[in-house]
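**Student:** Kindly return the folded structure for what I paste below:
(2 chains)
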Amino acid sequence: MTVESFKYDNTIVRSFTIATIVWGVVGMLVGLIAAFQLVHPQLNLGLQYTTFGRIRPLHTNAAIFAFVGNGIFMGVYYSMQRLLKTRMYSDLLSKLHFWGWQLVIVSAAVTLLLGKTSSKEYAELEWPIDILITIIWVIFGINMIGTIMKRREKHMYVAIWFYIATFFTVAILHLINSFEIPVTFLKSYSLFAGVQDALIQWWYGHNAVAFFLTTPYLGLMYYFLPKAANRPVYSYRLSIIHFWALIFIYIWAGPHHLLYTSLPDWIQSLGVVFSIMLIAPSWGGMLNGLLTLRGAWDRVREDPVLKFLVVAVTAYGMATLEGPTMALKNVNALSHYTDWTIAHVHVGTLGWNGFLTFGVLYWLVPKLYKTKLWSRKAANFHFWIGTLGILFYVIPLYWAGITQGLMWKEFTADGLLRYPNFLETVVQILPMYALRAVGGTLYFTGVIVMVVNLYKTMSVGEFEPETEASAPALVKEIGVKEKGGYWHSWIESRPAQFFGLTVVAVLIGGIIEVVPTFLVKSNTPTIAAVKPYTPLELIGRDIYIREGCNACHSQMIRPFRSETERYGEYSKSGEFVYDHPFLWGSKRTGPDLHRVGWKYPDAWHYSHMLDPQTMSPGSIMPPYPWLLTQPIETADLSAKIKVMQVLGVPYPEGYSSQAIEDLKEQALVIQKNLTDGGFKTDSDREIIALIAYLQRLGTDIQPKEGE
Amino acid sequence: MSAIKSIMTAIDGVAIYPVIALFMFFAVFILMLVWVLRLDKKHVEGLSYLPFEKSSNEEANCGSENG
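**Tutor:** Prediction:
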């Protein structure tokens, strides 16, 4: 048996390490600004580029794809080479992957601030960036599979399985959720509409959490936790069960994001059942992680790396128990649209993703630089202030979420809403928002301390670009029956077959859930009264999307008395058939807008957009004065109409050329209403289009005047 | 595509899907469980030591203490 010498590539690991740190700081800083804006809306400094609706998606994208994304690649490139005893397949692909991913991030940051967004949560990026992501992801995949193929270790460790499942599932999710038809270079409309679009989006959104924030990090956990604790994983069998059960169940659970909406009931139930089942593998994994430390708990007291990893794994356990709880319909009735969801997400991101990343960084950077961590004391300080930060972040938000949820539902003895004014319920929780911002500041302070600590470590040590290693070449054993050669040892040494099985597991969930909704007509009853948007309304809708209004306002009234009393008739699936994309939203920082049409006169909206505080004293909505001055963009109107026609929206043939006339005509009516209300404005301002859209919302199924 | 679409459109009782799904999941889960439990103990232990590279110079004495 010949022993081969080779070198692990540390340079690519270092690149991703630095990117993780830099984007972590940026993403969290943006989050912090957003948190302070919720208390002081004027913190957007009067700029349209920094309003909450635009920086909220910037924060989520930066945290998920820039911070955690680079963190995944950092861990994968380090562990994969060592687990498979080989250098990465291609240094060139590694570099292309790295720089391509950074390009995606920078393009995302620029376009999101400019308001170029598809509006779909965690998939906001417009179509050219979607294509770029696809290319980079394929490069990553080729590099990963190539590395597996040229490995010197016959068996694939469980971490590798998690990486493979991540690669394939993210590819599928991204492709399907990005089906959109381009209108211009940075504008597209989703191929799907209304209920279908919502289902696809939350099938994606849920699984982005599952397969971007969870499975790759579980892979990292199964590698770095044993390494840091210096002992193998507690139960390898349990890790196998964890893996298969997780990927099989996760893919089904998406509909729990749409409980009590217009989604067909059977799909909602499916989402609930599978969400509950998720507890088992998740807790199996958590216990497996914690029990790996059996006999090493004395070291946890001293070693900051282990401290971070322990809290990370515990946070994983908390979040995966809380998630299924929130997926119960009775709990969801209260928790949905409130800050409870935000608290839940941050247990996962701050605790699980953040702390696991920090633990890995504190372990990895000294290794790469062949030195000791510059200051263990500083790392311990980071640990404590970070933990305190998480508590100060989530506890106030749980309080806020439950308080507001209860206030929305409270009735007086006479059967009237106790808090009919939505704003009352917002003002009530503002102190909690302030405390949350304090929690974020604590957490961020810890991160800055880490940056200094790691920088000092890097400057003290000497970077080792390549690590020498040697291993026997992998010999193909034909016809040799392996000891203990049951199904799994067969599978784990055959990546292609393994990949095939993973694909099957993931696809079954997707197909059974999604396909029938598309094709079975009875799932989306059509309503004759629902008509396509007028050209002016369509333009207004695009402004609504650009400003990210759906970050704070839902358009989905659930069939509860507390909601129908407050907002009006509950939302029907047939009302959304021309909504490319759907705009149901997932959080009510402000009230639902699905039936806002004709609730207020045009002039009310005009003053409200100019300065929300004049119409709603105490409101935390930022002013939108630029809407009153910027002219409506009509150059691409006919292209928009044409794309809508391709998507099946029944505009009359040739309508794209006359749409502009209809637009002008409708704008004049609104201009006159505003003049009557005491506001002089040109008829070609964006505010006119936005008012047209808002006044249309939810009016299709209401009896018209005089009927 | 239109042929598939027309067949799918005609599906009756789509509510049976979750039940089928549940059964499929359970079948796969039980099979997997049986396989995992039948794995050879020594083999599994060997797998769990894969992160510790005995052939390289980085770590040689892993898992020896208390383990």
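**Student:** Leaving out sequence neighbours, find the closest residue to A:Q695.
**Tutor:** Spatial nearest neighbour of A:Q695, excluding adjacent residues (Cβ to Cβ, 6 or more residues apart in numbering or on different chains): A:G597 at 5.0 Å. C-beta: built from backbone N, CA, C; applies to glycine.
**Student:** part of a strand, is the one you found?
**Tutor:** No: counting by DSSP: H, G, I helix; E, B strand; the rest coil, A:G597 is located in no strand; its state is coil.
**Student:** Tally up the residues packed near it, please.
**Tutor:** Residues within reach of A:G597, counting by other Cβ atoms under 10 Å in any protein chain shown, total 17.
**Student:** which residues touch it?
**Tutor:** A:L694, A:Q695, A:R696, A:L697, A:G698, A:T699, A:Q702 (Cβ atoms under 8 Å, 6 or more residues apart in numbering or on different chains).
**Student:** do the same with A:H206
**Tutor:** So A:H206 contacts A:Y250, A:A253, A:G254, A:H256, A:H257 (Cβ under 8 Å, 6+ apart).
**Student:** Compute the number of surrounding residues for the fourth one.
**Tutor:** Spelled out, that is A:H256. 26.
**Student:** any idea which residue sits dead centre in chain A?
**Tutor:** In chain A, the centroid-proximal residue (Cα atoms, centre = their mean) is A:Y122; its distance is 3.8 Å.
**Student:** Now it, what are its backbone angles?
**Tutor:** When read as degrees, to the nearest 10, the backbone of A:Y122 gives phi 60, psi 10.
**Student:** One more: A:E466?
**Tutor:** According to degrees, to the nearest 10, A:E466 has phi -140, psi 140.
**Student:** beta partners for it?
**Tutor:** A:E466 has these beta-bridge partners by DSSP bridges: A:D9.
**Student:** Next, count neighbours for it.
**Tutor:** A:E466 has 12 nearby residues by other Cβ under 10 Å.
**Student:** Isn't it up against A:F6?
**Tutor:** No: with contact defined as Cβ atoms under 8 Å, A:E466 and A:F6 do not form a contacting pair (9.3 Å).
**Student:** Spatially nearest residue to A:G75 (excluding sequence neighbours)?
**Tutor:** Closest to A:G75 by Cβ to Cβ, 6+ apart is A:L220, at 4.1 Å.
**Student:** and that neighbour, that's in a strand?
**Tutor:** No: A:L220 is assigned helix when assessed by three-state DSSP, not a strand.
**Student:** My read is that A:L442 contacts A:T387, right?
**Tutor:** No: A:L442 is beyond contact range of A:T387, at 9.2 Å (criterion: Cβ under 8 Å).
**Student:** hang on, the earlier thing: tell me, what's the model's pLDDT at the residue nearest to A:G75?
**Tutor:** pLDDT recorded at A:L220 is 97.
**Student:** Wait, it touches A:Y163, no?
**Tutor:** No: counting by Cβ under 8 Å, A:L220 sits too far from A:Y163 to count as a contact (9.2 Å).
**Student:** what's the overlap in contacts for these two?
**Tutor:** A:V76.
**Student:** What is the neighbour count of A:I660?
**Tutor:** Neighbours of A:I660 using other Cβ under 10 Å come to 16.
**Student:** list the contacts for it?
**Tutor:** Per Cβ under 8 Å, 6+ apart, neighbours of A:I660: A:P535, A:T634, A:L637, A:S638.
**Student:** Show me the helices in the stretch 151-300 of chain A, by range?
**Tutor:** All helices of the stretch 151-300 of chain A, identified by DSSP state H, counting those that start in this stretch, fall at A:158-177, A:194-208, A:215-229, A:236-250, A:265-277, A:279-291, A:297-302.
**Student:** And the helix or strand just after the shortest one, what's buried?
**Tutor:** Looking back up the chat, that one is helix A:297-302. Sequence-wise, the next helix or strand beyond helix A:297-302 is helix A:304-327, with elements assigned using DSSP states H and E. Neighbour counts over helix A:304-327 (16 or more other Cβ atoms under 10 Å in any protein chain shown) mark A:304-320, A:322-324, A:326-327 as buried.
**Student:** Look up how far B:L50 lies from A:V503.
**Tutor:** 24 Å (Cβ to Cβ, to the nearest Å).
**Student:** hmm, back to that, among the contacts of A:H206, which one has the most neighbours?
**Tutor:** Result: A:G254 is most packed of the contacts of A:H206 (other Cβ under 10 Å), 30 neighbours.
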